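>>> I would like the atomic coordinates for the input below:
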Amino acid sequence: MTLTGSGRTVGVEEEFALVDAAGRLAPRRTAVLRRLVGSVGIFKPELHTAQVESVTPVRTDVEALRADLTTARSELAAAAAAEGCRVVPAGMPVGPAMQQAPAPRAPGPDRHARIRQLYAGAVGDYCACGCHVHVGVVDLDTAVAVVNHLRPWLPSLIALSANSPFQHGLDTGYASWRVVEQSKFPGFGIPPYLASAADYRERVGRLVECGILADERMSVWLARPSQVFTTVEVRAADVGLRVADALLQAVLVRGLVGSALRDLAAGIEGPVIDNQIGAAAVWSAARYGLDGPAIDPINEIQVPARTLVETMFAAIAPDLDELGDLDLARALLDAVLREGNGAYRQRCAGIDAVLDRFALAAPEPVVETEQMVAERCGN
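Numbers count the residues shown, from 1 in each chain. From the prediction side, this is the model:
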């Protein structure tokens with residue numbers, strides 16, 4: 001299948017935590033966002049007052065996407081530094097807990113206020129940071145059918161991206177504690193098998209009517225048809241320590257969507273997997289990451305996590321090749337398999353070194369020479 005248009009466009013959202021010099025969450029989101037007005041990157045507020053989201057433009061060229069991700073991280077780091085804080089690219093806050101929890105806020109008209117009111121203590125200090133990948137498709141029915149194909153591979157995307165072993169100064173024993181934190185919310189995990197766009201709307205609408213979701217955009221499935229764009233949105237990954245981690249998620253998800261579109265064109269629907277096995281596969285990926293067992297949701301057996309990742313890669317290699325991403329995806333994946341995912345690298349550094357070693361860096365200021373000034377002024 002030729003992926004002209006559908007399955008080629010991709011965009012990435014990254015969530016980041018702001019911290020003070022001691023590594024505690026710094027609720028300076030508003031001031032940081034004010035400094036980012038007019039930036040090249042696109043930035044938005046997130047649920048926590050110490051959290052900012054960056055959003056890339058829609059791209060077909062992954063090298064342009066890499067540049068977008070790099071620029072956004074640099075701009076955010078510079079704005080945070082100007083407000084006396086730093087940006088940690090980790091799935092959960094690494095430093096000690098805030099000395100005093102943020103004061104409760106009265107429910108208001110905005111969406112975040114409704115979420116805080118509904119979920120109460122579950123979001124009191126919730127500051128999980130993920131990496132979300134959007135891939136364009138032609139319509140909602142296609143998005144639903146593609147998500148059905150993605151379901152077995154979502155745990156492997158978690159294992160690759162796991163980057164939250166610590167929370168508030170403690171080692172959780174998990175590779176992705178963010179996944180555990182998200183499991184507090186109703187409906188979290190691998191999405192149900194959906195028959196059509198109408199089935200999707202009906203199920204989400206029913207959850208809203210039952211008071212379980214704040215609105216139709218609130219489903220916390222690991223992959224879903226976007227309620228805002230004509231895309232498949234995959235939300236499995238922790239935010240990455242490096243731009244390369246986000247780029248790997250982007251190319252793999254685009255390859256998975258391409259593979260799904262190819263199968264759908266051949267009349268092949270997504271595989272049906274047992275819900276309990278799927279939930280167990282998500283838990284195992286969060287617990288062990290790449291360095292332990294995984295559960296193959298299709299064959300319902302335990303296998304090494306890295307073996308399952310390679311199985312996924314082999315399944316989508318033809319689609320990565322057609323997209324022109326095969327060599328890049330292989331190089332990015334090999335780097336993670338060789339050097340470890342974010343959780344492994346954080347543990348190797350040690351909890352006390354994570355902030356200094358991995359905090360986003362602002363670009364070095366350029367000191368202009370006389371020649372540079374002359375060239376800029378056209379002399």
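
>>> what stretches of this protein score poorly on pLDDT?
By pLDDT under 70, the low-scoring segments of the chain are 1-5, 97-109, 111, 121-124, 363-379.

>>> Show me the helices in it, by range?
Using DSSP state H, the helices assigned to the chain run over residues 29-35, 62-82, 111-119, 140-150, 154-161, 177-182, 197-209, 243-265, 275-288, 305-323, 326-339, 342-349, 354-358, 370-376.

>>> how about those helices, which one is nearest Leu47?
Closest to Leu47 of the helices of the chain, according to CB to CB: helix 111-119, at 5.5 Å. Every C-beta, even on glycine, is put in place using the N, C-alpha and C of the backbone.

>>> ok, and which of the helices of the chain has the densest surroundings?
For the helices of the chain, ranked by mean neighbour count under the definition mean count of other CB atoms under 10 Å, the leader is helix 154-161 at a mean of 29.

>>> Return the backbone torsion pair for Thr56.
phi -80, psi 160 (degrees, to the nearest 10).

>>> Quick one: residues contacting the residue lying closest to it once chain neighbours are set aside.
By the measure of CB to CB, 6 or more residues apart in numbering, the closest residue to Thr56 outside its immediate chain neighbours is Asp68, 4.1 Å from it. Under the criterion of CB atoms under 8 Å, 6 or more residues apart in numbering, the neighbours of Asp68 are Val12, Gly41, Thr56, Pro57, Arg59.

>>> Likewise for Ala331?
Residues touching Ala331, when contacts are defined by CB under 8 Å, 6+ apart, are absent altogether.

>>> Relative to Ala64, how far out is it?
When distances are taken as CB to CB, to the nearest Å, Ala331 and Ala64 turn out to be 18 Å apart.

>>> Kindly report the same for Gln182.
If you measure Gln182 against Ala64 using CB to CB, the figure is 30 Å.

>>> residues near the residue lying closest to Arg345 once chain neighbours are set aside, how many?
Distances taken as CB to CB, 6+ apart put Leu241 closest to Arg345, at 6.2 Å, once the chain neighbours are dropped. The number of residues packed around Leu241, counting by other CB atoms under 10 Å, is 24.

>>> Just the buried residues out of the contacts of Asp68, in ChimeraX syntax.
Selecting the buried subset of those in ChimeraX, with 16 or more other CB atoms under 10 Å as the burial test, is done by:
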select :12,41,56,59
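
>>> between the contacts of Asp68, which is nearest Thr49?
Using CB to CB, Gly41 comes nearest to Thr49 of these, at 20.1 Å.
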